[in-house]
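J.: Generate a structure from the sequence data that follows.
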Amino acid sequence: MKVPVASQEQFLTDAKGKRTGVVLDLVTYERLLEAEEELADIRAYDQASPKVLAEIAAGQFATLTEYRTRRRKVK
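T.: Coordinates of the predicted model:
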């Protein structure tokens, strides 16, 4: 996902002129937050994927029909 950056960058600087921060418009900030959340989801998927694939290969899974049947019995 490409995140457009504000066309006019505004930096905060200290007394020596060193950049210490940046001012973002709200749209850019919200898009960066969305991109961060999406990246977290991708990392979680990548981390869980090998275990899930191993469980599927070992036959340790249930079909949706089996899952629903078990859920109805529990109630």
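J.: Run the chain-centre distance for the top helix by length along the chain.
T.: In the chain, taking DSSP state H as the definition, the longest helix is helix 26-57. Distance of helix 26-57 from the chain centroid (C-alpha atoms, centre = their mean, to the nearest Å) equals 4 Å.
J.: buried stuff in that helix?
T.: Across helix 26-57, burial judged by 16 or more other C-beta atoms under 10 Å covers 28, 31. To be clear about C-beta, it is placed using only N, CA and C from the backbone, and glycine gets the same treatment.
J.: could you point out which element follows it?
T.: helix 64-74 (DSSP states H and E).
J.: can I have that following helix written out in CSV, keeping just the CAs?
T.: These are the backbone C-alpha positions of helix 64-74, laid out as CSV (Å, rounded to 0.1, in the frame of the first residue of the first chain):
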residue,chain,number,x,y,z
LEU,A,64,-17.3,-25.3,8.9
THR,A,65,-20.1,-27.9,9.0
GLU,A,66,-18.3,-29.9,11.7
TYR,A,67,-17.6,-26.7,13.7
ARG,A,68,-21.2,-25.6,13.6
THR,A,69,-22.4,-29.0,14.7
ARG,A,70,-20.1,-29.0,17.7
ARG,A,71,-21.2,-25.5,18.6
ARG,A,72,-24.8,-26.5,18.6
LYS,A,73,-24.1,-29.4,20.9
VAL,A,74,-22.4,-27.2,23.4
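J.: So which residues make contact with that helix?
T.: By C-beta atoms under 8 Å, 6 or more residues apart in numbering, the residues outside helix 64-74 that reach it are residue 62.
J.: Show me how far that helix is from its chain's centre.
T.: That offset, for helix 64-74, works out to 30 Å (C-alpha atoms, centre = their mean).
J.: now swap in stretch 19-27 and tell me
T.: For stretch 19-27, the distance to the chain centre is 22 Å (C-alpha atoms, centre = their mean).
J.: What is the end-to-end distance of that stretch?
T.: By C-alpha to C-alpha, to the nearest Å, the extent of stretch 19-27 from end to end equals 22 Å.
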